[in-house]
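Novice: Got a predicted structure here, sequence first:
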Amino acid sequence: MTELNQQTTYDDNNIFAKMLDGDIPYHKVYEDDKTLAFMDIMPQAEGHVLVIPKQKAVDLADLEPEYAAAVLMTSKKVMQAQRQVFEREGVIQMQLNGSQAGQTVFHYHVHLIPSSIHELGGHAVTQADNNDLADIAQKLAAVIDA
């Protein structure tokens, strides 16, 4: 029998918790009272955005329904902005639950990647240029706020 290698309790020191606490800088795309959307620093494609709830939840099973709904609504706004800014229809929405599924940060999050499955780069392989991320975040935020 295989031993489960999954984070089961929420770690207040995970990188997304530190971002929500203001301890780590990030490139914000959108924020409301229940969610935060920001640029992935290890993008699989240009414009890769992460959407997280402002709830301590390891994975989907831990997420309260009102936060799940808020994550979906924020994801919808970000996807619309990605389609406009990058002039493309294809946006990959990906959400991983547990280490066996590839989850590396144990705070619930959704990946929104303007790409096609054939163009998708590897997960957490190459860190993006900080100035490029800031520029893209600003463009996406401007479309959402319009």
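Specialist: Here it is on my side, so go on.
Novice: Spatially, what comes nearest to residue 134 if we skip its sequence neighbours?
Specialist: residue 27 (5.3 Å; Cβ to Cβ, 6 or more residues apart in numbering). For the C-beta atoms, the positions are set from N, CA and C on the backbone; glycine is no exception.
Novice: Next: residue 12.
Specialist: residue 56 is the one closest to residue 12 (Cβ to Cβ, 6+ apart), at 7.4 Å.
Novice: list the contacts for the one you found?
Specialist: 10, 12, 17, 62, 107 (Cβ atoms under 8 Å, 6 or more residues apart in numbering).
Novice: Let me see the contact set for the spatially closest residue to residue 113 that is not a sequence neighbour.
Specialist: Nearest residue to residue 113, sequence neighbours excluded (Cβ to Cβ, 6+ apart): residue 92, at 4.3 Å. Contact analysis of residue 92 by Cβ under 8 Å, 6+ apart lists 111, 112, 113, 114, 115, 116, 117, 120.
Novice: Show me which of those residues is closest to residue 46.
Specialist: Residue 46 has its nearest neighbour among the contacts of residue 92 in residue 114, at 7.1 Å by Cβ to Cβ.
Novice: So that closest one sits against residue 43, correct?
Specialist: No - using Cβ atoms under 8 Å, residue 114 is not in contact with residue 43, being 9.9 Å away.
Novice: This protein: helices as residue ranges?
Specialist: Secondary structure of the chain (DSSP state H): helices at 15-20, 65-86, 130-145.
Novice: Off-centre distance for the last one?
Specialist: It refers to helix 130-145. Distance of helix 130-145 from the chain centroid (Cα atoms, centre = their mean, to the nearest Å) equals 14 Å.
Novice: Buried residues in that helix, which are they?
Specialist: Judged by neighbour count using 16 or more other Cβ atoms under 10 Å, the buried positions of helix 130-145 are 133, 136, 137, 139, 140, 141, 143, 144.
Novice: again with the second one
Specialist: By neighbour count on 16+ other Cβ under 10 Å, the buried set for helix 65-86 is 67-68, 70-71, 74-75, 77-79, 81-83, 85-86.
Novice: Alright, that wraps it up for me.
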